[in-house]
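# Take a look and give me a structure for this.
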Amino acid sequence: MAITKIKEPAFHVTGETGWINDPNGLIYYNGKYHAFFQHYPHDTKWGPMHWGHVISDDLTNWSYLPVALTPGDDCDKNGCFSGSAIAYDGKLWLMYTGFIENQGGDSIRQVQCLAESEDGITFRKHGIVIGEELLPDGYAPCDFRDPKVWHHDGCFWCIVAARKIEGRGRILLYKSKDLFNWEFVNDLFGKDSAGTMIECPDYNEEAGYLLYCEQFQPSENGIHLNVHTCRWCIGKIDYSSGRFVEENRGIVDYGFDVYAPQSFADESLIIGWLNMWDRNVPSEKYGFAGMLTVPRKVYVKDGRLCQEPIVKCGEVQKQIDCGSIEDKATRGVITLNATNLESLTIRLRSDGTHYTDLTLNGGEWVFNRSKSGEKISGVEKDSDSVNGIRRMPFSENSEVTLTIVMDDFSVEIFEDGRSLTSTIYPPEDADGIEISVKAAKWHYERADVSLKA
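Below is the predicted model of the structure:
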């Protein structure tokens, strides 16, 4: 079907048209940042997955390149699913999951495939490099996907999401000398995940973290309410045993809409999918569905994963040091610094009837999008989810920095390394900002995002 995109966010990546989900193959190569993503260009619904492709000089302004991978070969007849990128021998290599539907159900096959490029634009497929014969006994070949590849101590290593037959999610470790010939090493945790399936594992050895997503997992007494959520685990892989030695764990984002966060190769930068499974997507009528988050610097501090947004900012448009704040904007980066913060309420994208709220209440940040605009609903039936609410712990630091990255259809909120990210679909002219602060002293600043014409 023909699709025309009539609206889009100003600086968040979407497909040129159609559907996108997981970011893939994030890498700095030949002087450019490359981001690939799961993409179906022919509809605003999920379909046979392609790899969309954008590049950037500054991680804020992105340009489209031709679709990098298109399904249809024997190894990926029904889709080129998620994966990662690595630079080797002067070339850019993509390792991805080939999806072969057969008759569906247990007859589905997911296999790990390889493609190469000399220019970073046009890719040649090499077919299957990790097939079901390399699955250990008892693991399901119909749920075996999303390879993350890296180089360590003269070998290539790869983790792949998997599932035990009659069991739950696992992460498997493989190694290779040449990217083509792989051998199974071990099951990273050696036990089932809390969710029914793990997806999109990601490992950053230098920073010391592992990321992965769990589908349909319990909320663990309200720690996370999304039925599909993303975890971080602090620790390292012990290459001699093939096990992950875990020190601590938590959730990547406290909002409604982050999934499949992935690191850039050899860098502590991540991007996630700014949307969620099993929700309606109001932007379909504009010719696109799904966005990517802004890039985020990540680091480990006090045993937990911390994130800071990377957005190229231009001129500061407004600064205030006292009193209540009234401002107008639909996009930009808001920074509020406060000493001995007691209370704070922020109302964004307001036209009097519609608005998005963030309130510091009872030692936690409470985000509310119930009045944001077009209704967004999902499979979650708890009271917070039904009422458009998500909560994030407050640091209670004496010096607090709150950062809000605001685009046409999203808000990304950061405080003390934690993030809360959600889509919103307000009326186009809803631009009011109202903030009430009680603190010993504070400073408000709003800057434009530096966009190229």
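# tally of neighbours for residue 343?
Neighbour count for residue 343, taken as other CB atoms under 10 Å: 11. All C-beta atoms are positioned from the backbone trio N, CA, C, and that covers glycine.
# Just list whatever residues bridge to it.
Beta-bridge pairing for residue 343 (DSSP bridges): residue 438.
# what's the helix or strand for residue 384?
If you go by DSSP states H and E, residue 384 is part of helix 383-386.
# for this structure, what's the longest strand?
The longest strand of the chain (DSSP state E) is strand 139-152.
# looking only at pLDDT, what's the mean for it?
Strand 139-152 carries an average pLDDT of 98.
# and the following helix or strand past it, which strands flank it?
With elements assigned by DSSP H and E, the helix or strand that comes after strand 139-152 is strand 155-164. According to DSSP bridges, strand 155-164 has the following sheet partners: strand 139-152 (antiparallel), strand 169-176 (antiparallel).
# Same list (those) but as TSV, adding mean neighbour count and distance to residue 410.
What follows is the strands paired with strand 155-164, written out as TSV (neighbours: other CB atoms under 10 Å; distance: least, CB to CB, whole Å):
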stretch	mean neighbour count	distance to residue 410
strand 139-152	21	24
strand 169-176	21	28
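# So the residue nearest to residue 353 when sequence neighbours are not counted versus residue 356, what's the distance?
Distance criterion CB to CB, 6 or more residues apart in numbering; nearest residue to residue 353, sequence neighbours excluded, is residue 371 at 7.6 Å. Look at residue 371 and residue 356: by CB to CB, to the nearest Å, they are 7 Å apart.
# Next: residue 279.
Counting by CB to CB, the gap from residue 279 to residue 356 is 17 Å.
# Return the set of residues that bridge with the closest residue to residue 210 other than its chain neighbours.
Among residues not flanking residue 210 along the chain, residue 233 sits closest, at 4.5 Å (CB to CB, 6+ apart). Judged by DSSP bridges, the bridge partners of residue 233 are residue 210, residue 249.
# so how far is stretch 158-176 from its chain's centroid?
Stretch 158-176 sits 21 Å away from the centroid of its parent chain (CA atoms, centre = their mean, to the nearest Å).
# pLDDT of it, averaged?
Mean pLDDT, stretch 158-176: 97.
# Same check on stretch 73-87?
On average, the pLDDT along stretch 73-87 is 97.
# tell me which residues of that stretch are tucked away?
Of all the residues in stretch 73-87, those buried under the rule 16 or more other CB atoms under 10 Å are 75, 76, 78, 79, 80, 81, 82, 83, 84, 85, 86, 87.
# Got phi/psi on the first one?
By that I understand residue 75. As for residue 75, its main-chain torsions (degrees, to the nearest 10) stand at phi -80, psi -20.
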